[in-house]
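Engineer: Sequence plus the predicted model coming up.
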Amino acid sequence: MGEYKRPVVSVVGAGNVGEHVANLIAIKEIANVRMFDLARQTEDKVYEIVKGKALDIKQMAAAIGCDVEVEGYTVTADGEGYEALAGSDIVVVTAGFPRRPGMSRDDLLSKNVGIIRTISERIAQFAPEAIVIVVSNPVDVLTYAAFRLTGFPANRVMGMAGVLDTARFKAFLSMELKVSVKNINAYVLGSHGDDMVPLLSVSNVGGEPLTKLIPEERLKEIVERTKFGGGEIVSLMGTSAYHAPGASVVEMVEAIINDKKEILPCSVYLDGDVAEFYDAEDVCIGIPVKLGAHGVEEILKLDFTPEEKDLWKSSVNSVKSGIERIKELGLI
Ligand SMILES: NC(=O)c1ccc[n+]([C@@H]2O[C@H](COP(=O)([O-])OP(=O)(O)OC[C@H]3O[C@@H](n4cnc5c(N)ncnc54)[C@H](O)[C@@H]3O)[C@@H](O)[C@H]2O)c1
Ligand SMILES: O=C(O)C[C@H](O)C(=O)O
């Protein structure tokens with residue numbers, strides 16, 4: 001019997017989001033999965049939870065007839081145990097603290113940037129050819145940190161947020177209009193925070209502009225609910241969302257592994273003429289990109305309305321101030 005030659009997706013941080021990513025990849029048979037997380041120490045025992053979760057997902061896959069390998073690896077906070085990243089096609093980073101009610105995503109920055117730093121170093125060491133998808137918050141700033149700390153080219157480092165924010169917008173629009181989400185074309189761009197930019201000028205349902213279908217005041221309410229979609233769930237659950245975030249990551253993973261050339265909004269480093277076009281130098285921020293086997297294969301250049309331009313500018317500035325904070329702290 002030989003080895004299976006399947007793509008490999010590693011998931012670092014097998015908490016709520018990470019385990020949903022692993023689970024969906026297994027159910028869809030997209031790739032073999034390797035999961036990495038810390039051990040949990042109680043008074044009298046050390047639990048290697050990640051190994052248990054990996055076994056459970058492997059057995060779930062067997063129950064529904066899916067062929068996939070799923071392995072769990074216990075790592076330490078100072079970066080031991082990452083050798084099995086070797087050979088990964090994609091590394092998804094979901095390690096770090098989620099917010100609790102009353103917190104903003106930016107409140108997580110100082111705690112999570114140290115975690116991203118260690119993981120980025122290990123990715124560069126053991127999986128130098130991998131494509132990295134950052135999920136941990138604040139995602140745009142941490143994607144920038146991973147981009148700088150891995151030293152990978154910009155096409156191989158991206159953050160997940162726009163797919164999730166757009167899914168939330170589509171969900172609320174379909175609830176409002178009683179129409180299939182498949183008929184809704186919409187984008188939510190910019191930073192993954194209060195300054196995100198729902199792009200109403202190009203959003204439509206079956207070709208009809210949203211602005212014609214929904215009265216202005218009501219559309220504003222839906223946009224506001226989308227912007228605070230993450231916070232709505234945090235206040236209901238006491239921790240942040242994971243089903244929709246997990247599925248949004250897997251949409252990106254699938255586009256890359258299957259070389260789909262799919263256009264999805266992702267947080268990416270804007271360089272050269274694209275940075276100039278969007279007036280956004282030296283940041284990672286959400287913009288529609290073409291995802292394929294090489295990662296980010298193209299960044300679209302969209303024309304914004306003057307109103308969208310203002311929103312975009314605030315979005316860029318809020319990511320920039322996060323980047324300044326970690327630079328001042330000497331963390332990147
Ligand atoms: N970008 C997005 O749209 C989006 C969506 C949802 C969640 N998030 C973010 O993703 C992160 C994870 O969220 P969650 O709900 O899965 O949290 P969680 O607490 O359930 O899981 C986080 C996991 O990371 C692990 N971890 C912590 N430090 C680590 C380290 N040094 N090395 C390896 N593993 C480590 C923890 O043990 C835990 O299992 C949070 O920062 C959250 O804000 C982002
Ligand atoms: O809201 C959060 O803190 C998690 C995530 O960014 C989300 O939007 O669900």
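Structural biologist: Great, that's in hand. Ligands and ions are numbered 1, 2, ... in the order given.

Engineer: And the residue nearest the centre of the protein?
Structural biologist: Among the residues of the chain, the one closest to the centroid is Met160, at 2.0 Å (CA atoms, centre = their mean).

Engineer: From ligand 2, how far out is that residue?
Structural biologist: 9 Å (CB to the nearest ligand atom, to the nearest Å). From N, CA and C alone the C-beta is placed, and that goes for glycine too.

Engineer: wait, that residue sits on Pro245?
Structural biologist: Yes: using CB atoms under 8 Å, Met160 is in contact with Pro245, at 7.1 Å.

Engineer: so what sits against both of these two?
Structural biologist: Taking CB atoms under 8 Å, 6 or more residues apart in numbering as the contact rule, Met160 and Pro245 both touch Val135.

Engineer: What residue spans form the domains of this structure?
Structural biologist: 8-159, 162-328 (automatic domain parsing).

Engineer: helices or strands next to the host helix or strand of Ser10 in the packing?
Structural biologist: Take DSSP states H and E as the rule and Ser10 turns out to sit in strand 8-12. Under the contact criterion of 3 or more CB pairs under 8 Å, 6 or more residues apart in numbering; DSSP states H and E, strand 8-12 touches helix 16-27, strand 32-38, strand 90-93.

Engineer: Go through these and pick out the most buried.
Structural biologist: strand 90-93 (a mean of 28; mean count of other CB atoms under 10 Å).

Engineer: Tell me how far that strand lies from the chain's centre.
Structural biologist: Taking the mean of its C-alpha atoms, strand 90-93 sits 10 Å from the chain's own mean (CA atoms, centre = their mean, to the nearest Å).

Engineer: What is it packed up against?
Structural biologist: Taking 3+ CB pairs under 8 Å, 6+ apart as contact, the helices and strands that strand 90-93 lies on are strand 8-12, helix 109-126, strand 131-134, helix 243-257.

Engineer: Is any residue of the longest one near ligand 1?
Structural biologist: Yes: Helix 109-126 comes into contact with ligand 1 (CB under 6 Å from any ligand atom), by way of Asn112, Ile115.

Engineer: tell me the angle of that helix relative to strand 8-12?
Structural biologist: Between helix 109-126 and strand 8-12, the angle comes out at 150 degrees (axes from the mean of the first three to the mean of the last three CA atoms, to 10 degrees).

Engineer: Only the C-alpha atoms, please, for helix 109-126, written as CSV.
Structural biologist: Presented in CSV, the C-alpha positions along helix 109-126 are these (Å, rounded to 0.1, in the frame of the first residue of the first chain):
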residue,chain,number,x,y,z
LEU,A,109,-3.8,43.1,19.0
SER,A,110,-1.1,43.1,21.7
LYS,A,111,-1.9,39.6,22.8
ASN,A,112,-2.3,38.0,19.4
VAL,A,113,0.6,39.6,17.6
GLY,A,114,3.2,37.7,19.7
ILE,A,115,1.4,34.4,18.8
ILE,A,116,1.4,35.3,15.1
ARG,A,117,5.1,36.2,15.3
THR,A,118,6.1,32.7,16.6
ILE,A,119,3.8,30.9,14.1
SER,A,120,5.1,33.0,11.1
GLU,A,121,8.7,32.1,12.0
ARG,A,122,7.8,28.4,12.1
ILE,A,123,5.9,28.6,8.8
ALA,A,124,8.9,30.2,7.2
GLN,A,125,11.2,27.6,8.6
PHE,A,126,9.2,24.4,7.9
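
Engineer: The residue in the chain that ligand 2 sits nearest to: which element?
Structural biologist: Distance from ligand 2 to each residue of the chain (CB to the nearest ligand atom) is smallest for Gly230, at 2.4 Å. In this structure, Gly230 is located in helix 229-237 according to DSSP H and E.

Engineer: re the thing from before, would you tell me which one of the domains of the chain is buried the most?
Structural biologist: Scoring the domains of the chain by how many neighbours each averages, mean count of other CB under 10 Å, gives domain 8-159 as the top one, at a mean of 20.

Engineer: Tell me how far that one lies from the chain's centre.
Structural biologist: Counting by CA atoms, centre = their mean, domain 8-159 is centred 11 Å from the centre of its parent chain.

Engineer: Nearest to ligand 1: which residue in this structure?
Structural biologist: Closest point on the chain to ligand 1, by CB to the nearest ligand atom, is Gly15, at 1.7 Å.

Engineer: OK, contacts around that residue?
Structural biologist: Contacts were defined as CB under 8 Å, 6+ apart; by that measure Gly15 touches Asp37, Thr94, Ala95, Pro98.

Engineer: Could I get the contacting residues of the residue of the chain closest to ligand 2?
Structural biologist: Remark: with contacts taken as CB under 8 Å, 6+ apart, Gly230 is in contact with Arg105, His192, Ser240, Ala241.

Engineer: ok, and which of those residues reach ligand 1?
Structural biologist: Of the contacts of Gly230, the ones that also sit near ligand 1 (CB under 6 Å from any ligand atom) are His192, Ser240, Ala241.
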